[in-house]
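A.B. asks: from the sequence below, what's the structure:
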Amino acid sequence: MTLESRLKISLPEDLADALSNGTVLCQLANQIRQRSVSIIHIPSPAVPKLSPAKCRLNVENFIAACRKLGVPETDVCVCSDVLLCKLPAVLRCVTALLAAGGGETAEDPSPHHSSSSSLLSTDFLLFYCTAMALLYALYCYLLT
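C.D. replies: Presented below is the predicted three-dimensional model:
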């Protein structure tokens, strides 16, 4: 399945239930673009089931991220679709999110983000090489 391969996790047979707390959906949005969802409530071994309020927050954050990432409004699911396990609407939204992401991943940002988000941009490399050359010249000068 696309979600499993994209997130590198195994999902249980009951996909609707696995998606209903919003955690996997938020992780997917963040995998498409880092920090699309800034806070994700995740179940812990001590508390394996999220409260309804935390589930709702996750889902609302996921829906907001979908809009921010360019999912058409007609494809964006509503909170109740996820919370009530209405799988067709959720999968339509996920499919649209993957299409809107265009294969872009957190490790491979789109070209319009590369210069601002990557420390290895051309401008940074030019600055770094110039600074290192000047430091080397100063070092050589101080040795003589």
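A.B. asks: all contacts plus neighbour counts: C-alpha atoms, from now on.
C.D. replies: Fine.
A.B. asks: residue ranges of the strands in this protein, please?
C.D. replies: Using DSSP state E, no strands are found in the chain.
A.B. asks: nearest residue to the one residue sitting closest to the centre of it in space, please, no chain neighbours.
C.D. replies: Geometric centre of the chain, nearest residue: Asn30, 1.0 Å, by Cα atoms, centre = their mean. Closest residue in space to Asn30, ignoring its immediate chain neighbours: Ser36 at 5.2 Å, by Cα to Cα, 6 or more residues apart in numbering.
A.B. asks: ok, the one you found - how many residues close by?
C.D. replies: Counted with other Cα atoms under 10 Å, residues neighbouring Ser36 total 21.
A.B. asks: just the pLDDT at it, thanks.
C.D. replies: For Ser36, the pLDDT comes out at 93.
A.B. asks: please tell me how far it sits from Val71.
C.D. replies: Going from Ser36 to Val71 by Cα to Cα, to the nearest Å gives 13 Å.
A.B. asks: next: Gln27.
C.D. replies: As judged by Cα to Cα, Gln27 and Val71 stand 16 Å apart.
A.B. asks: residues contacting His41?
C.D. replies: Residues near His41 by Cα atoms under 8 Å, 6 or more residues apart in numbering: 23, 50, 54-55, 58.
A.B. asks: again, only using 7 Å
C.D. replies: 23, 54, 58 (Cα atoms under 7 Å, 6 or more residues apart in numbering).
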